[in-house]
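Novice: heads up, no residue letters with this:
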């Protein structure tokens, strides 16, 4: 059933979440060598989360005419990478966060070594899931693995986290700030849309390019909204400590552009995301709705 | 040139090392988003190391009649996984080691966050390298990715490290000790031989099984020798702190079987590795030589 084209984002996300959470739980049922390691992996992966990346993956697959089910494995792989990155980013040696999604971070609930190992294992599991994804050709699976590895490695997400740590207490230009976020959060959001499109059977380079433009604008918009929530949000609602970016001296969009300037920048990025989807001849309602949701979200 | 069949292990390893080190350096030349991250990755990956896993991969490929060159990419991927695991295992929250390969561990030479991120990025890079390996079919590459992901995840290497941390100051049975090592070091050594055989074009299940028996015995032998070096080796020669396993209360073969019992166990495993290669109709000289080298090594 194609539900993407007739439901608002909240309903689309609600449907996706149920499917994704069930599938993620299934993957975690495969017993690991250590019970404690498995428990930590489950804690980091299954403990809530908005599931924005997998939902984008499913929305992109449906938008290009594919069945949502065929994108479920790559959607789960993306969430595994995201969950591992949160567990590692929260570590004392990194962002040193005690609170995530409204509860203790993994290294607080378990311990540091468990959080490191659970993250490591989730990254491996993400690639295993892609390599064994059902109903996709070997070529498509390899293209996905290559795209995900690029998106989450030294030239993508991990590179962005490294830049982030180096940028604490430094003043960045808008260009430098965007470069950091394009790596740190943008690369995986772009990969989410790209993997969904690949699962949906897209081979047309122009269509992939247009979807990449959408995802790039969306990835930056996501971060601007994150920064705005850090100064305007409520700790209980956002699920992490309000004001923690500022307290750590992290460069943010509101600090650079002012709150009003950041809101205007956000509006421009949202418009760019919507514009990128025009005239493609695809069923982009869910992708449009996801863009609106990401910008309007309160956590 | 097939050099595996007419040179002793030291010469084979010497040749392999030069090829592998060059190739690894090439992979690291691809600029990452952060210079410091790249430097840490290079430090962990290119700073020495015996290159046993990649050499086993090349030896297996040649043994089954493949060209060594075709196994070079998977060989490098295996070493990237090994290097990442060392950087993470050495962290203060894990084994807390200051010395590795005769010099400061990555988190001492750089810092903890750099060591965590460099490990994370090397894992992603390993899968990227496999997905883009030249002159191998999509099916073979996918089989390799699946095997590597299994070998290094929760049911393999990372699971073994979790068991290891849980076993400190506990008395294990021989069965429990072997289960830990089969995961922690054995899985990646088995994958090294398996990936080499796949690159060399093996499809015959019986041959893959025989090579797996060889690799399993070798993986355990490797660990027994490691434990013996920890009590009998010289810190300067082994490149890490002598006696550190005992100081941490880690269960070891000599502690369980006595030094003489451990040496006898080692001899049995070595004989099993050699026996596994008999009657297969392959050019197994380099695999035999690698087994002798691993048991006789002084570091």
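Specialist: Yep, that arrived. Only a predicted model underlies this, so the values are computations on that prediction, with no experimental measurement involved.

Novice: residue A:250 and chain B, how far apart?
Specialist: 14 Å (C-beta to the nearest C-beta, to the nearest Å). C-beta here means a position set from N, CA and C on the backbone, and glycine is covered the same way.

Novice: what number of residues lie near the residue nearest to that residue when sequence neighbours are not counted?
Specialist: Closest residue in space to residue A:250, ignoring its immediate chain neighbours: residue A:168 at 5.9 Å, by C-beta to C-beta, 6 or more residues apart in numbering or on different chains. When neighbours are defined as other C-beta atoms under 10 Å in any protein chain shown, residue A:168 has 12 of them.

Novice: quick one: the helices in the stretch 51-200 of chain A?
Specialist: Counting by DSSP state H, counting those that start in this stretch, the stretch 51-200 of chain A has these helices, from start to end: A:52-63, A:72-89, A:106-109, A:112-131, A:138-152, A:157-167, A:174-181, A:187-199.

Novice: in chain A, what helix or strand scores lowest on average pLDDT?
Specialist: Taking mean pLDDT, DSSP states H and E as the measure, helix A:235-238 is the helix or strand of chain A with the lowest mean score, a mean of 62.

Novice: quick one: contacts for residue A:297?
Specialist: A:50, A:225, A:229 (C-beta atoms under 8 Å, 6 or more residues apart in numbering or on different chains).

Novice: now the residues you listed in TSV, with neighbour count?
Specialist: Listed next are the contacts of residue A:297 as TSV, based on neighbours: other C-beta atoms under 10 Å in any protein chain shown:
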residue	neighbour count
A:50	15
A:225	23
A:229	18
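
Novice: from those residues, which is closest to residue B:32?
Specialist: Residue B:32 lies nearest to residue A:225 out of the contacts of residue A:297, by C-beta to C-beta, at 27.3 Å.

Novice: okay, and that closest one sits in which element?
Specialist: Assessed by DSSP states H and E, residue A:225 sits inside helix A:205-232.

Novice: where does the closest residue in space to residue A:30 that isn't next to it in sequence land on pLDDT?
Specialist: Excluding its sequence neighbours, the residue lying closest to residue A:30 (C-beta to C-beta, 6+ apart) is residue B:155, at 7.4 Å. At residue B:155, the pLDDT value in this model is 97.

Novice: tell me the contacts of residue B:155?
Specialist: A:30, A:31, A:32, A:33, B:183.

Novice: how near is it to residue A:34?
Specialist: For residue B:155, the distance to residue A:34 equals 10 Å [C-beta to C-beta, to the nearest Å].

Novice: now pLDDT too, for the contacts of residue A:297, in CSV please.
Specialist: Conversion of the contacts of residue A:297 to CSV gives the following (pLDDT from 0 to 100):
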residue, pLDDT
A:50, 92
A:225, 95
A:229, 92
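
Novice: residues in contact with the closest residue to residue A:181 other than its chain neighbours?
Specialist: Spatial nearest neighbour of residue A:181, excluding adjacent residues (C-beta to C-beta, 6+ apart): residue A:223 at 4.3 Å. Residues in contact with residue A:223 (C-beta under 8 Å, 6+ apart) are A:181, A:184, A:185, A:186, A:253.

Novice: also residue A:232?
Specialist: Counting by C-beta under 8 Å, 6+ apart, residue A:232 makes contact with residue A:259.
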